[in-house]
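Enquirer: Provide a 3D model corresponding to the input given below.
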Amino acid sequence: MTTVKTMLAALTVTLAVPMSALASEGAQRLAEMLEPLDTYVADFEQQILDGSGQRLQQARGRMWLSRPGKFRWEVDAPYEQLVVSDGEDVTLYDPDLEQATVQTLDQRVTHTPALLLSGSADELTDSYEVSRRQQGTRETFTLVPIDPDTLFEELQMSFRSGALDLLQMTDSTGQRTAIEFDNVRMNESLDDSRFTFEIPEGTDVIRDTR
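Expert: Residues are numbered from 1 along each chain as shown. Purely as a prediction, here's the structure:
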């Protein structure tokens, strides 16, 4: 992912610039990258790794995003799952368990990494300490949540030539979720029906009111 030369260059910048300036520059640049993004469609491959890098789980799927707040995340078998946000509520559907969890969309976008991109850039940069590094055509942003009540301790977003192609989340145990995006299409027209979900009859519905 990185070369010795680019790592040394990043280290030189880090040592030369105060951390507060780096954080401010990173947040501003990330906002610039995200603000023009209205819709985003991509295939993805998701891997969950333990603290030693051993792969625990792997899955593929597809995502659709329409800002602000609308999102559809489909994970294929063997771990089939669906997450849909209509901008007000988020529904997590597990067809194997015949169970759906419905909760109000968290506008702070700090609790649900899968919905992170659907929030506004201002909300994102207000919720995280952001730093940035450049590696050729790839820009990587490291985000550390300000609120300790989150699902992860660190998030990395990598863009290549302006398009998001890698999202990595690390939790307090060192477990890492890495999501690589492919076949990316940005700012094309999407039908709102993509972001609604009719819960199948007979499904056990849990409404989370927190």
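Enquirer: Only C-alpha atoms from now on, for both contacts and neighbour counts.
Expert: Fine.
Enquirer: any idea which helix or strand carries R29?
Expert: Per DSSP states H and E, R29 falls inside helix 19-34.
Enquirer: Strand partners (parallel or antiparallel) of the one helix or strand Q47 maps to?
Expert: Here Q47 sits within strand 39-49, counting by DSSP H and E. Strand 39-49 sits in its sheet next to strand 55-66 (antiparallel), strand 176-186 (antiparallel), going by DSSP bridges.
Enquirer: Following element in sequence after the first one, please.
Expert: In this case it means strand 55-66. Downstream of strand 55-66 (by DSSP H and E), the next one is strand 70-75.
Enquirer: relative orientation of the strand holding Q47 and strand 70-75 in degrees?
Expert: Counting by axes from the mean of the first three to the mean of the last three CA atoms, to 10 degrees, strand 39-49 lies at 40 degrees to strand 70-75.
Enquirer: measure stretch 180-195 end to end?
Expert: 22 Å (CA to CA, to the nearest Å).
Enquirer: I misspoke; the intended subject was stretch 45-54.
Expert: Counting by CA to CA, you get 16 Å between the two ends of stretch 45-54.
Enquirer: Enumerate the positions of it that are buried.
Expert: E45, Q46, Q47, I48, L49, D50 (16 or more other CA atoms under 10 Å).
Enquirer: Identify all contacting residues around it.
Expert: 55-61, 173-181 (CA atoms under 8 Å, 6 or more residues apart in numbering).
Enquirer: between those residues, which has the most around it?
Expert: Per-residue neighbour counts (other CA atoms under 10 Å) across the contacts of stretch 45-54 peak at R176, which has 24 neighbours.
Enquirer: Pretty sure that one sits against Q168.
Expert: Yes. When contacts are counted by CA atoms under 8 Å, R176 is listed as touching Q168 (6.8 Å).
Enquirer: separation between D89 and D126?
Expert: 22 Å.
Enquirer: my bad, should have said P68
Expert: 16 Å.
Enquirer: If you count surrounding residues, which of those two has more?
Expert: P68 (17 against 14).
Enquirer: Number of residues surrounding L82?
Expert: Neighbour number of L82 under other CA under 10 Å is 19.
Enquirer: end-to-end on stretch 25-45?
Expert: 30 Å.
Enquirer: Distance to V130 for the strands paired with strand 39-49 - can I get that in a markdown table?
Expert: Formatted as a markdown table, the strands paired with strand 39-49 follow (distance: least, CA to CA, whole Å):
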| stretch | distance to V130 |
| --- | --- |
| strand 55-66 | 22 |
| strand 176-186 | 19 |
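Enquirer: what's the closest of those strands to L143?
Expert: Nearest to L143, of all the strands paired with strand 39-49, is strand 176-186, at 14.3 Å by CA to CA.
Enquirer: quick one: average confidence on the helix or strand just after the closest one?
Expert: Following strand 176-186 in sequence order, the next helix or strand is strand 204-208 (DSSP H and E). Mean pLDDT, strand 204-208: 89.
Enquirer: Kindly report the same for stretch 42-61.
Expert: Mean pLDDT, computed over stretch 42-61, is 89.
Enquirer: Point to the helix or strand of this protein where mean pLDDT is at its lowest.
Expert: Scoring the helices and strands of the chain by mean pLDDT, DSSP states H and E places helix 4-16 at the bottom, with a mean of 30.
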